[in-house]
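In: Predicted structure and sequence below. I'll ask about it afterward.
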Amino acid sequence: MAMRFSILGSGSAGNSALLQTDNTRVLVDAGFSTRRLAELLAEHGEKLENIDAILLTHEHSDHAAGLNGLARHPHIRVFANRATAAALQAGLKHRPNWNLFETGATFRFRDLEVSSFAVPHDAQDPVGLLIAHGEDDLLSPRRSLAWLTDLGHAPAHVLERIREADVLVVEANHCPQMLEADTKRPWSTKQRISGRHGHLSNTAARELLEGVASPRWRHVFLAHLSRDCNSLAAVEAACGSVLAARSCGFSVVAPGAGTPFFTF
């Protein structure tokens, strides 16, 4: 079977995505309350009771807030590296069904193969994920999704990992000019956002896309946009021509919004 993928929500208010196969239902990050996650899943014909696992990239609340309500869903396995799990467990009153992995390791969960790789961000041990399904034969062609949000820059090893993906989710967090002109954020916050362990700007996202030669990408989702310091038009202006030149479909995910299912 092909994989079905939908971003439930993206942005500073919360990030989570649903990935389905015939045998497995997983969330990639869970940055909303469990009540809100349940509402978002219902909009996609799913419910938390059917979710088998959550794959966490790091401990920031806009990626992991949903763990607070998982005491009512002990069947859900939570995959994280040790540093991320420790940082989150310190603030929880219950113990989730932790399944720990080493950063850089590849593990299997049911019919999924999950590879983690380090990314530069201001968290304990943040990772990107490459999630694959299928055996790469005629009966079960191999398909993969790369989830790459929350990073300040893209080292060479990150470019190599996302090169393998059929579908890429990558952040285009802010427009540098809009961030500089913003009056709501203090200078220190602007420095953190734009730093090498902060978030990708539209310009940096474009450079990342340009830096991956001969990709097999079918579709790129440009996500994790700042509500105040970015716009759909600015992202498309920065990145759209690069992807169009490679005949790659793309979607710019509005802050707070999700996407319909994409099947691949």
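Out: That came through fine. Numbering: from 1, shown residues only.
In: Could you use CA atoms for every contact and neighbour count after this?
Out: OK.
In: can you pull the buried residues of stretch 227-238?
Out: The neighbour-count criterion (16 or more other CA atoms under 10 Å) identifies 227, 229-232, 234-236, 238 as the buried residues of stretch 227-238.
In: Any chance of those residues in TSV with distance to Pro96, secondary structure and pLDDT as columns?
Out: Output for the buried residues of stretch 227-238, formatted as TSV (distance: CA to CA, whole Å; DSSP: H, G, I helix; E, B strand; the rest coil; pLDDT from 0 to 100):
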residue	distance to Pro96	secondary structure	pLDDT
Arg227	31	coil	96
Cys229	35	coil	98
Asn230	35	coil	98
Ser231	37	coil	98
Leu232	37	helix	98
Ala234	40	helix	98
Val235	37	helix	98
Glu236	39	helix	98
Ala238	40	helix	98
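In: now the end-to-end length of stretch 251-264.
Out: Using CA to CA, to the nearest Å, one end of stretch 251-264 lies 15 Å from the other.
In: nope, stretch 201-220 is what I was after
Out: 16 Å.
In: now swap in stretch 161-180 and tell me
Out: Across stretch 161-180, the straight-line distance between its terminal residues is 31 Å, by CA to CA.
In: can you list the residues that contact that stretch?
Out: 117, 130, 143-150, 190, 194, 199-205, 212-213, 215-226, 228-231, 234-235, 264 (CA atoms under 8 Å, 6 or more residues apart in numbering).
In: Give me the below-cutoff pLDDT ranges for the chain.
Out: Applying pLDDT under 70 to the predicted model, the residue ranges of the chain that meet it are 1.
In: Tell me which stretches of it form strands.
Out: Secondary structure of the chain by DSSP state E: the strands cover 4-9, 16-20, 25-30, 53-55, 77-81, 97-101, 106-109, 112-118, 127-133, 143-148, 167-171, 219-223, 249-252, 262-263.
In: Give me the angle between the fifth one and strand 97-101.
Out: The reference is to strand 77-81. For strand 77-81 against strand 97-101, the angle between stretch directions is 30 degrees (axes from the mean of the first three to the mean of the last three CA atoms, to 10 degrees).
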